[in-house]
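Chemist: structure for this input, please:
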Amino acid sequence: MRRIGIIGVGELGRALVDGLCDGVEEPPELYLSPRGACTAAELSQRYPTVHVCADNQDVLNRSELVILAVRPQNRVKALSGLRVGEDRVVVSVMTGVAISEVRRLLGTDAPVVRAIPLPSARKRRSVTVTCPFHPAVDDLFDGLGGTLPVADEATLNVFQMLTGTLTTHYWYLATLADWAVRQGISPEGADRYLRGLFQGVGRALGDHTRSLQQLAGDHETPKGLNERLRTTWFDPANAEALTKALDALLADLK
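Modeler: Predicted structure coming up:
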């Protein structure tokens, strides 16, 4: 689809605009909601096909496909009273908001799809989970790194929980950096080394011929540093605690 609207231009909305426009020979026409005015104005100045609309209804009127990227707690204020034609396609990226709730808020029978794009859509490297399958939606996200369609919202919610582990990963790295500083390493040196170390991990993940367990095993030697830390710190009790935390978050999402 060539006319795409985005209601809610936060960090994810910005990433989607960048991915759809930056370096693209024939980008789509993009219509942005005025909320987050500074970001929307900046994007419209950077990309000729990006336009800031008068209000959210104006976004819907101009778009064939509209992405709802508002914060879940703001959905009632942002979406109530909007009129959505049945010829539109609605994509909700709001965490934990069911399709039935989106339909209720918008009062529409238009196709509604939930999706989980990632900020890496900016570089067109986001594998986006979608539910249910819709050709126009999957075509959109294929261009941003690929799609992973799933059969039902319960399955999509499991993938949603996996996105909730990102900042824990960053804090894991920050904890390692703090430990190194306490051993006398400069903050700059610890930061630089850890970034390089784990960027290498990211590149290794591009090897789809090896499972995650195989990748771990290939980086271990018997009784070596990696094996010793994994078996003494990330032990069965630690793994079970992580599993229980994920189970609790998933229960809340349901």
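
Chemist: what's the nearest residue to the most centrally placed residue in the chain if we skip its chain neighbours?
Modeler: For the chain, residue 118 is the residue whose C-alpha lies nearest the centre (C-alpha atoms, centre = their mean; 2.3 Å). Once flanking residues are discounted, residue 118 sits nearest to residue 126: 4.2 Å by C-beta to C-beta, 6 or more residues apart in numbering. To be clear about C-beta, it is placed using only N, CA and C from the backbone, and glycine gets the same treatment.

Chemist: for the one you found, grab phi and psi.
Modeler: phi -90, psi 120 (degrees, to the nearest 10).

Chemist: centre of the chain to stretch 66-78, how far?
Modeler: 15 Å (C-alpha atoms, centre = their mean, to the nearest Å).

Chemist: same deal with stretch 70-82?
Modeler: Computed by C-alpha atoms, centre = their mean, the chain-centroid distance of stretch 70-82 equals 19 Å.

Chemist: what residues does it touch?
Modeler: For stretch 70-82, contacts defined as C-beta atoms under 8 Å, 6 or more residues apart in numbering pick out 7-8, 10, 35, 56-57, 60, 68, 94-97, 101-102, 105-106.

Chemist: ditto for stretch 166-179
Modeler: Contacts to stretch 166-179, defined as C-beta under 8 Å, 6+ apart, come from residues 187, 190-191, 194, 198.

Chemist: again, only using 10 Å
Modeler: Residues from elsewhere that reach stretch 166-179, judged by C-beta atoms under 10 Å, 6 or more residues apart in numbering: 118-119, 165, 185, 187, 189-195, 197-198, 242, 245.

Chemist: what is the mean pLDDT for that stretch?
Modeler: For stretch 166-179, mean pLDDT rounds to 96.

Chemist: residues of that stretch that come out buried?
Modeler: The neighbour-count criterion (16 or more other C-beta atoms under 10 Å) identifies residue 177 as the buried residues of stretch 166-179.
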